[in-house]
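In: Predicted coordinates and the sequence they were generated for:
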Amino acid sequence: MKPLGAILALLWILFGITGVIWWMAGDGAFLAAEMLRFAPPEDTGLPAEEYPGMGDMIAGYLTGRAERFQYEITGSGEEPLRCFHDYEAAHMADCRGLIRLDGAVAAVSGALALALTGLAAVRFRRDRRLYRGLRTGLRMAAVVMGSLLAWALIDFDGLFITFHRVAFTNDGWLLNPRTDLLIRLMPEKFFVSLGIRGALRAMAVPLAIEVVARIAPGSVKE
């Protein structure tokens, strides 16, 4: 039962991480607030009143609620001003693919974790090896996440660039802040904040697993 416990822990942790990413990507108000915080109008050229609409558009596009990545500012009696170049939209199409993959992973890992949890609760809840397996899964995840955290603290730029080179098959993410609004709206500190906030929320899952692994075995016999 120890392997089952380890797999169960890893599935729940994977669900927690991918679920948080999906939630952040799909929350337009959250994205708008983060962009306004780290990329204010004086840095981007985008009027403050346009941030909520921009956040909703980006969130809707990433999670499939909208089919077109573009935001237009309409002045009185003027032609609408398009905010993004075609190559910026092409990069966001790549990002959308990653987010939708993330959503699929969240759905599959969550379903598997729920099914295995039900099986364990019915058939193996009195087996302490199951709970030792949960702790093993936690340690495995901690090694991986700890290594990434150490990398981020030592060389965040290196981690950021490596992720983009692995995740994207082209150089569309290499944007110019002088000409491209997308990179001005989402500077490095924007992603650092998302990473910290996401990690803090995702930590709820391993903490819950740790509590279960340590408390539940104490109330049952071998």
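Out: Here it is on my side, so go on.
In: what is the mean pLDDT for the helix or strand where Leu130 lies?
Out: Leu130 belongs to helix 128-154 when assigned by DSSP states H and E. For helix 128-154, mean pLDDT is 90.
In: Stretch 31-39 now?
Out: 97.
In: hang on, the earlier thing: for the helix holding Leu130, the distance to its chain's centre please.
Out: 18 Å (Cα atoms, centre = their mean, to the nearest Å).
In: what's that helix packed up against?
Out: Packing partners of helix 128-154 (3 or more Cβ pairs under 8 Å, 6 or more residues apart in numbering; DSSP states H and E): helix 2-26, helix 156-167, helix 204-215. Quick note: C-beta positions are derived from backbone N, CA and C, even for glycine.
In: what's the closest of the ones you listed to Arg65?
Out: Comparing the helices and strands packed on helix 128-154 against Arg65 with Cβ to Cβ, the closest turns out to be helix 2-26 (7.8 Å).
In: Can you name the element that comes right after the closest one?
Out: Defined by DSSP H and E, the subsequent element after helix 2-26 is helix 28-38.
In: Would you mark the buried spots in the helix or strand following that next one?
Out: As assigned by DSSP H and E, the chain's next helix or strand after helix 28-38 is helix 41-44. When burial is assessed from 16 or more other Cβ atoms under 10 Å, helix 41-44 yields the following buried residues: Thr44.
In: elements contacting helix 41-44?
Out: So helix 41-44, by 3+ Cβ pairs under 8 Å, 6+ apart, packs with helix 181-185.
In: and after the helix it packs on, which helix or strand comes next?
Out: helix 188-202.
In: That following helix relative to helix 2-26, how many degrees between them?
Out: 140 degrees (axes from the mean of the first three to the mean of the last three Cα atoms, to 10 degrees).
In: counting contacts, what elements does helix 188-202 pack onto?
Out: helix 2-26, helix 28-38, helix 156-167.
In: and the nearest residue to Pro47 once chain neighbours are set aside, how far is that from Thr74?
Out: Excluding the flanking residues, the one nearest Pro47 by Cβ to Cβ, 6 or more residues apart in numbering is Pro41, at 6.0 Å. According to Cβ to Cβ, to the nearest Å, Pro41 stands 17 Å off from Thr74.
In: Residue ranges in this structure under the pLDDT threshold?
Out: For the chain, the stretches with pLDDT under 70 are 1, 75-77, 125, 216-222.
In: what's the single longest helix in it?
Out: Using DSSP state H, we find that the single longest helix of the chain is helix 86-119.
In: can you state the direction angle for it and helix 2-26?
Out: Going by the same axes, to 10 degrees, helix 86-119 makes 140 degrees with helix 2-26.
In: where's Val143 relative to Phe156, distance?
Out: In terms of Cβ to Cβ, Val143 sits 20 Å off from Phe156.
In: Please say which of the two ends up with more neighbours.
Out: A count of neighbours by other Cβ atoms under 10 Å puts Phe156 above the other of Val143 and Phe156, at 14 against 10.
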